[in-house]
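J.: this is a predicted model, with the sequence first.
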Amino acid sequence: MPFRAEPLSLTEDEHQELQRMSLSRSLPAGDVFRARVILMLAEGRSYTEVQERLNTTAPTISKWRKRFLERRIDGLMQERHPGQKPTVITPQLQARVLAATRRKPSDGSTHWSCRKLAKQLGISKDIVHRIWRTAGLRPHRLERYMASKDPDFERKAADIIGLYLNPPQHAAVFCVDEKSAIQALDRLDPVLPLSPGRAERHGFEYYRHGTLSLYAALDVKTGKVHGKTAARHTSDEFVAFLHQVIQQCKRKQEIHIILDNLSAHKTAKVEDFLRQHPNLRLHFTPTYSSWLNQIELWFVCIEREVIARGIFTSVKDLARKLMRYIRAYSIAAKPFSWKYNNVERRIYAKELTATVH
């Protein structure tokens, strides 16, 4: 026998309100469902009939029957959670999060994540993220730096910056350096070209044909580059490259070359070359300050556009492609717009002025 509870007794107003609710298309579906349950129980329907008709369960029917008997129609209305009050980020909370961020995590990890710090402080990850974003903190990021300990940093840097900002009249200024041990890598598997929705793909395995060095001289005024490849990175090769550089200039023209402190740049052969060419002067960057040499900017270009994704079947193929890029680059070359924004940070203004003028 199907269970048939005692029919519910409804007032006329309650019956009309439940009828309106059961036919409504604007009320929440839960409110409509519960109104239909009470109407069917008021008609004397059994629990089995209500379950089959409304696709529900007996405990659900009992629950809302009890609610109706306790609070009538008000007991059927959907209970909406009031929600949490929005968290106000107070200066105290912000200071607490920032102070905790600067301390290392106690679990041995090197930095905090939003979720890890939020769990540690008992707050939401969104609050941590908002405070970090406002304060400009990004613990997942890491930047490396190298500080020059050259005791003569200010004078050397001012000398080079002076050549950039106000070079001697009619003089030629070159930035020179070597990019050594460039590998001629050849892929063992065929390269799959890019296509819509798919990046170019290289096989993981490669064959190393050998290495070579690239000597490059950037004309600061025009932006053009003169290059030379060599099997080895020696003082003899460097002096030979200096011969090629000065051949690009007019006879007896004053020439200034900016370069780093590599030992191959300071040998007896280099000294002999300088004595033979009194119009040539070398300007050495301070130690660990290669950023002062504009040729490093150009090396970034050739690394990105030729070397990093290049496929070279031999060392000769590597040399040919490097020189082809240099020739094409120099056709439409433009000088770098190089700036040193904060002169007073490490370089005294009086030293820079004395060098420029």
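T.: Cool, got the structure. Residues are numbered from 1 along each chain as shown.
J.: quick one: the helices in this structure?
T.: 12-22, 29-42, 47-54, 58-71, 91-102, 114-121, 125-135, 153-165, 235-246, 268-276, 295-302, 315-331, 343-346, 349-356 (DSSP state H).
J.: in this structure, which residue is closest to the centre?
T.: Nearest residue to the geometric centre of the chain (C-alpha atoms, centre = their mean): Arg141, 8.4 Å.
J.: per-residue pLDDT of it, please?
T.: At Arg141, the pLDDT value in this model is 93.
J.: who touches it in this structure?
T.: Listed by C-beta atoms under 8 Å, 6 or more residues apart in numbering, Arg141 has no contact partners. Where you see a C-beta, it was placed from the backbone N, CA and C, and this is true even at glycine.
J.: now the longest strand along the chain: average pLDDT?
T.: Counting residues, the longest strand in the chain under DSSP state E turns out to be strand 172-187. Taken as a whole, strand 172-187 has a mean pLDDT of 93.
J.: hmm, Asp152 is touching Pro286, no?
T.: Yes - using C-beta atoms under 8 Å, Asp152 is in contact with Pro286, at 7.0 Å.
J.: between the two, which has more neighbouring residues?
T.: Pro286 (22 against 12; other C-beta atoms under 10 Å).
J.: for stretch 139-152, what is the distance to the chain centroid?
T.: Remark: stretch 139-152 is offset 19 Å from the chain centroid, using C-alpha atoms, centre = their mean, to the nearest Å.
J.: what distance separates the start and the end of it?
T.: 35 Å (C-alpha to C-alpha, to the nearest Å).
J.: hmm, back to that, hey, least reliable of the helices of the chain by pLDDT?
T.: helix 349-356 (a mean of 44).
J.: now distance to Met146 and mean neighbour count too, for the helices of the chain, in CSV please.
T.: Below are those laid out as CSV (distance: least, C-beta to C-beta, whole Å; neighbours: other C-beta atoms under 10 Å):
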stretch, distance to Met146, mean neighbour count
helix 12-22, 74, 14
helix 29-42, 65, 19
helix 47-54, 74, 16
helix 58-71, 70, 15
helix 91-102, 24, 13
helix 114-121, 30, 16
helix 125-135, 27, 15
helix 153-165, 12, 20
helix 235-246, 24, 17
helix 268-276, 26, 12
helix 295-302, 13, 17
helix 315-331, 27, 16
helix 343-346, 13, 11
helix 349-356, 22, 15
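J.: so which of the ones you listed is nearest Tyr215?
T.: Set against Tyr215 and scored by C-beta to C-beta, the helices of the chain come closest in helix 235-246, at 4.3 Å.
J.: give the other helices and strands that the closest one contacts.
T.: Packing partners of helix 235-246 (3 or more C-beta pairs under 8 Å, 6 or more residues apart in numbering; DSSP states H and E): strand 172-187, strand 206-219, strand 225-230, strand 255-259, helix 268-276.
J.: run the last query once more with 10 Å
T.: strand 172-187, strand 206-219, strand 225-230, strand 255-259, helix 268-276, strand 280-284 (3 or more C-beta pairs under 10 Å, 6 or more residues apart in numbering; DSSP states H and E).
J.: nearest approach to Trp132 belongs to which of the ones you listed?
T.: Closest among the helices and strands packed on helix 235-246, once you apply C-beta to C-beta, is strand 172-187, at 38.8 Å.
J.: flag every buried residue along the closest one.
T.: By neighbour count on 16 or more other C-beta atoms under 10 Å, the buried set for strand 172-187 is 172-179, 182-186.
J.: re the thing from before, would you format the helices of the chain as TSV with distance to Pro193 included?
T.: Listed next are the helices of the chain as TSV, based on distance: least, C-beta to C-beta, whole Å:
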stretch	distance to Pro193
helix 12-22	64
helix 29-42	54
helix 47-54	61
helix 58-71	61
helix 91-102	45
helix 114-121	40
helix 125-135	40
helix 153-165	41
helix 235-246	37
helix 268-276	46
helix 295-302	22
helix 315-331	18
helix 343-346	47
helix 349-356	51
